[in-house]
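Novice: Let's see this in three dimensions:
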Amino acid sequence: MDPAGGCPHAANARLLARGSVASVILPGEVAGMAVLGHDALREFLSHPDVAKDARHFAALQSGGIDDGWPLRTFATVQGMTTADGADHRRLRTLMSKAFTARRVEELRPRTEALAASLLDGLESAAGTSGGVVDLRAHFALPLPMGVICELLGVDDALHGRLHELSNRIVATDIGPQEARAANREMVELLSAVAAARTESPGDDLTSALIAAREDGGDRLGPHELIGTLMLTIIAGHETTLNLITNAVRALCAHRDQLDLVRSGGASWADVVEETLRWDSPVSYFPFRYPTRDLDIDGTVIPKGTPVLAGYSAAGRDPSAHGPDAGRFDVTRDSGVRHLSLGHGAHYCMGAQLARMEGVTALEQLFARFPGLDLAAPESELPRHASFVGNSVRQLPVRLRG
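Specialist: Below is the predicted model of the structure:
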């Protein structure tokens, strides 16, 4: 795997042509595998002999993984994404009330108001920079970060630093010292947030998690609380940030599809779903581990191997989505649901929130600036320095074409 990331789709197509499961070398010369094909990934994500708990990660348990390994947090953070069975159900139950359909609808007016305010700021920023503005920095980032931090009760002053640390934690091209420092500072910041909410509880998810931890029934341990907050902040804004960014890029490159939506031939929800499939916000997500040697579509994945879920590859798998899987089409109805939000017990809990934020962002953006277009060729946009996240780091646009 290229630690510097880059656009994954050409490499994905080459790998898929060979098969739905591939052997990969992770940073630090760690041997792993990736499941790329749609059907194979669907089977793998819900297989009863596949675990998320790092005690099943053979190389980690044998001492073969340095504590500064850039992907270590994905394996060792304590929370829903690294829990199995009863532990996973307990953690998911504690979190689930914050992400019900009702709660998401309650967040909609605040999301719409925040989007409108950010678009005002976007226009002001463009007016002082020759009409070109970074849509990612001024809109796609602060919208989901603002929503998830409000949900958690995190002060506005911390938003920027939390995003910087999240970016480092999901990066795959950083060194051990930087990786350790980012994790340490993230834990310190979130511990301070938890301490503040313990002393002065509010109507937020962090306070609710602390209360649940202290109820004497289902409990979150101290490490689980911090791990849960970390995972919620990272997953709650990085993926939606990429979703909005990728959707805007796709629509600017396919003006016929944008015209179709604006004329009522398709919906903004259709754009969100096709973007999730065609340019998944997450390319390769770490990790799952077979608890026995496992045959997936004719390839054996040895017990204890760290396995990447290849969402960006599965989204363009011709065997599932047809020979035109590489085409962006908001009217697509292949009868096959994409896997970009997961599958099985670990299906993304924030899926409804991400979809609502994506629809709100795109609808308001193109209503305000129907002529919006990229201010640089797609090939010149700097990519994420990670094979986990799939997007660009900057999105310069002209608001009025």
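Novice: what about the strands in the stretch 1-150 of the chain?
Specialist: 21-26, 30-35, 50-51, 132-134 (DSSP state E, counting those that start in this stretch).
Novice: Direction included, what does the first one pair up with?
Specialist: The strands that strand 21-26 pairs with in its sheet are strand 30-35 (antiparallel) (by DSSP bridges).
Novice: ok, residues contacting the partner strand?
Specialist: Under the criterion C-beta atoms under 8 Å, 6 or more residues apart in numbering, residues 1, 15, 20-26, 41, 44, 59, 64-65, 69, 284, 287, 296, 301, 305-310, 313 lie in contact with strand 30-35. All C-beta atoms are positioned from the backbone trio N, CA, C, and that covers glycine.
Novice: how far away is Gly160 from Val154?
Specialist: 12 Å (C-beta to C-beta, to the nearest Å).
Novice: Could you do Gly130 as well?
Specialist: Distance of Gly130 to Val154, computed by C-beta to C-beta: 34 Å.
Novice: So if I had to pick from those two, which one is more boxed in?
Specialist: Each of Gly130 and Val154 has its neighbours counted (other C-beta atoms under 10 Å); Val154 has more, 25 against 9.
Novice: got the end-to-end distance for stretch 368-380?
Specialist: 26 Å (C-alpha to C-alpha, to the nearest Å).
Novice: of all the strands of the stretch 1-150 of the chain, which lies closest to Gly227?
Specialist: Of all those, strand 50-51 sits nearest to Gly227, with 17.0 Å by C-beta to C-beta.
Novice: who does the closest one touch, helix- and strand-wise?
Specialist: Where contact means 3 or more C-beta pairs under 8 Å, 6 or more residues apart in numbering; DSSP states H and E, strand 50-51 is packed against strand 284-290.
Novice: can you list contacts of the strand it packs on?
Specialist: By C-beta under 8 Å, 6+ apart, the residues outside strand 284-290 that reach it are 1, 8, 32, 34, 44-45, 47, 49-54, 56-58, 71, 74-75, 301-312, 387-388.
Novice: swap in stretch 271-280?
Specialist: Residues from elsewhere that reach stretch 271-280, judged by C-beta under 8 Å, 6+ apart: 243, 246-247, 249-251, 257, 261, 311-312, 314-316, 321, 326, 328-330, 332, 338, 340-341, 355, 358-359, 362, 390.
Novice: Is it possible to mark the buried ones in the residues you listed?
Specialist: Buried residues within the contacts of stretch 271-280, defined by neighbour count using 16 or more other C-beta atoms under 10 Å: 243, 246-247, 249-251, 257, 261, 311-312, 314-316, 321, 328-330, 332, 338, 340-341, 355, 358-359, 362, 390.
Novice: how much space between the closest residue to Arg393 other than its chain neighbours and Arg168?
Specialist: Nearest residue to Arg393, sequence neighbours excluded (C-beta to C-beta, 6 or more residues apart in numbering): Pro382, at 4.6 Å. Counting by C-beta to C-beta, the gap from Pro382 to Arg168 is 16 Å.
Novice: Give me the more crowded residue out of these two.
Specialist: When Pro382 and Arg168 are compared for neighbours, Arg168 comes out ahead with 20 against 10, by other C-beta under 10 Å.
Novice: List the residues that contact that one.
Specialist: Neighbouring residues of Arg168 by C-beta under 8 Å, 6+ apart: Ile174, Glu178, Ala179, Ala182.
Novice: switch to 7 Å and redo it
Specialist: Arg168 makes contact with Ile174, Glu178, Ala182, according to C-beta atoms under 7 Å, 6 or more residues apart in numbering.
Novice: go on, Ile244?
Specialist: So Ile244 contacts Ala140, Gly358, Ala361 (C-beta under 7 Å, 6+ apart).
Novice: With respect to Ser191, which of the residues you listed is nearest?
Specialist: Nearest member of the contacts of Ile244 to Ser191, counting by C-beta to C-beta, is Ala140, at 28.6 Å.
Novice: The closest one and Leu241 touch, don't they?
Specialist: Yes: contact criterion C-beta atoms under 7 Å: Ala140 and Leu241 qualify, at 5.2 Å.
Novice: In CSV: the strands of the stretch 1-150 of the chain, plus mean pLDDT.
Specialist: Shown next, in CSV, are the strands of the stretch 1-150 of the chain (pLDDT from 0 to 100):
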stretch, mean pLDDT
strand 21-26, 96
strand 30-35, 97
strand 50-51, 98
strand 132-134, 94
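Novice: Out of the ones you listed, which gets nearest to Thr81?
Specialist: For Thr81, the closest of the strands of the stretch 1-150 of the chain is strand 50-51, at 11.9 Å, according to C-beta to C-beta.
Novice: residues in contact with the closest one?
Specialist: Contacts for strand 50-51 (C-beta under 7 Å, 6+ apart): Phe44, Asp84, Arg288, Tyr289, Pro290, Thr291.
Novice: And those residues, which two are furthest apart?
Specialist: Greatest spatial distance among the contacts of strand 50-51 (C-beta to C-beta): Phe44 and Asp84, at 14.7 Å.
Novice: tell me the contacts of the residue nearest the centre of the chain?
Specialist: Centroid-nearest residue in the chain, with C-alpha atoms, centre = their mean: Thr239, separated by 2.9 Å. Counting by C-beta under 7 Å, 6+ apart, Thr239 touches Pro281, Val282, Ala354.
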